[in-house]
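Peer 1: Quick one: sequence plus predicted model below, questions after.
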Amino acid sequence: MTVETALSRLMAQGPRLEPGHVWLAGAGPGDVGHLTLHAVSALAQADVVLTDALVGPDILSLLKPDAELIYAGKRCGRPSAEQAGISAQLVAQAQRGRRVLRLKGGDPFVFGRGGEEVLALVEAGIPFRVIPGLTAGVAGLAAAFIPATMRGINQAIIFATGHGAESQHATLNWEVMASLGQPIVLYMGAKRIGTIARRLMAGGMGADMPAALIIGATTPDMAVTVTDLDHIAETVGDADEEAPMLIVIGRIVAMRAKIMDLVAAVEPELCR
């Protein structure tokens with residue numbers, strides 16, 4: 001059996017996206033190879049797709065030729081679609097009897113507002129399905145040779161958003177998180193990383209704590225810069241603010257150099 005035959009059989013046996021239904025699918029961290037089979041199937045079936053800004057053209061090329069593509073991305077600091085409008089669009093498209101796909105970078109329920117969209121669909125009586133995706137907080141670290149968990153280093157990992165770190169209404173206590181001694185993975189933290197770093201150090205995290213900036217995780221343009229907590233804001237400031245980036249702070253970052261040294265001796269191509 002060829003690979004193509006096996007994939008076709010698996011997809012044919014999978015669920016069908018019916019008219020008037022909505023699927024919320026995770027597109028993974030960037031590389032098309034990290035799509036799930038259900039996500040590929042959804043792309044092939046959808047009549048209309050509402051996509052996030054970070055979903056790349058290689059993934060969108062899997063859409064059927066007559067599918068309508070609607071950009072509904074939300075980017076910090078730039079004009080973006082309002083969430084209420086996106087949810088209303090999902091409902092309206094389904095009520096027209098179309099097969100609707102809401103395509104999100106990473107996983108739809110990890111800082112993707114997928115929960116809000118599901119609530120809107122439930123309230124409108126629209127049938128839906130959630131297709132999980134690889135979140136960058138796990139896949140991006142793995143691609144950068146940074147293990148999310150490492151025996152002897154951490155027993156937990158914290159996923160956090162940088163949004164609202166400077167707001168008087170912020171609910172995250174960064175000082176307490178620093179005291180836990182566990183690595184922190186920051187989504188959407190670029191604009192507020194200076195404040196976050198200062199608060200982590202105020203909570204007792206050492207200025208020399210290893211940190212890394214991962215840009216374009218899993219894509220051919222992926223770039224990883226290793227630094228420390230004291231210099232992470234400077235590192236982020238030197239980066240392209242338009243690029244998708246992930247920030248990781250914790251002792252697991254130090255594993256990257258050890259792994260790369262070993263890999264370079266055996267498979268140097270993997271380190272490029």
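Peer 2: Received, thanks.
Peer 1: Point to the residue nearest the middle of the chain.
Peer 2: The centroid of the chain falls nearest to residue 106 when counting by C-alpha atoms, centre = their mean (3.4 Å).
Peer 1: Could you measure from it over to residue 188?
Peer 2: As for residue 106, its distance to residue 188 is 11 Å (criterion: C-beta to C-beta, to the nearest Å). C-betas here are computed from N, CA, C, even on glycine.
Peer 1: can you give me the helices for this protein?
Peer 2: 3-12, 37-45, 57-60, 83-95, 114-124, 136-143, 174-179, 193-202, 232-237, 255-266 (DSSP state H).
Peer 1: any idea of the angle the fifth one forms with helix 83-95?
Peer 2: With axes from the mean of the first three to the mean of the last three C-alpha atoms, to 10 degrees defining the directions, helix 114-124 sits at 50 degrees from helix 83-95.
Peer 1: Check which helices and strands helix 114-124 is in contact with.
Peer 2: Applying 3 or more C-beta pairs under 8 Å, 6 or more residues apart in numbering; DSSP states H and E, we find helix 114-124 packed against strand 22-26, helix 83-95, strand 100-104, strand 128-131.
Peer 1: got CSV for these, with mean neighbour count and mean pLDDT too?
Peer 2: Output for the helices and strands packed on helix 114-124, formatted as CSV (neighbours: other C-beta atoms under 10 Å; pLDDT from 0 to 100):
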stretch, mean neighbour count, mean pLDDT
strand 22-26, 27, 98
helix 83-95, 17, 95
strand 100-104, 29, 97
strand 128-131, 19, 98
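Peer 1: Format those as TSV; extra columns: distance to residue 59.
Peer 2: Shown next, in TSV, are the helices and strands packed on helix 114-124 (distance: least, C-beta to C-beta, whole Å):
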stretch	distance to residue 59
strand 22-26	10
helix 83-95	19
strand 100-104	8
strand 128-131	13
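Peer 1: Figure out which of the ones you listed is closest to residue 182.
Peer 2: Residue 182 lies closest, by C-beta to C-beta, to one member of those: strand 22-26, at 24.6 Å.
Peer 1: Please report the number of neighbouring residues for the residue lying closest to residue 227 once chain neighbours are set aside.
Peer 2: Sequence neighbours aside, residue 235 is the residue nearest to residue 227 in space, at 4.6 Å (criterion: C-beta to C-beta, 6 or more residues apart in numbering). By other C-beta atoms under 10 Å, 17 other residues sit near residue 235.
Peer 1: didn't residue 235 look like it was pressed against residue 229?
Peer 2: No - Residue 235 lies out of contact with residue 229 (C-beta atoms under 8 Å); the separation is 10.5 Å.
Peer 1: Between the two, which contacts overlap?
Peer 2: residue 211 (C-beta atoms under 8 Å, 6 or more residues apart in numbering).
Peer 1: Contact partners for residue 23?
Peer 2: 17, 42, 46, 100, 101, 102, 128, 129, 130, 131.
Peer 1: need the contact list for residue 41.
Peer 2: Here residue 41 is in contact with 11, 14, 15, 17 (criterion: C-beta under 8 Å, 6+ apart).
Peer 1: Good, we can wrap up now.
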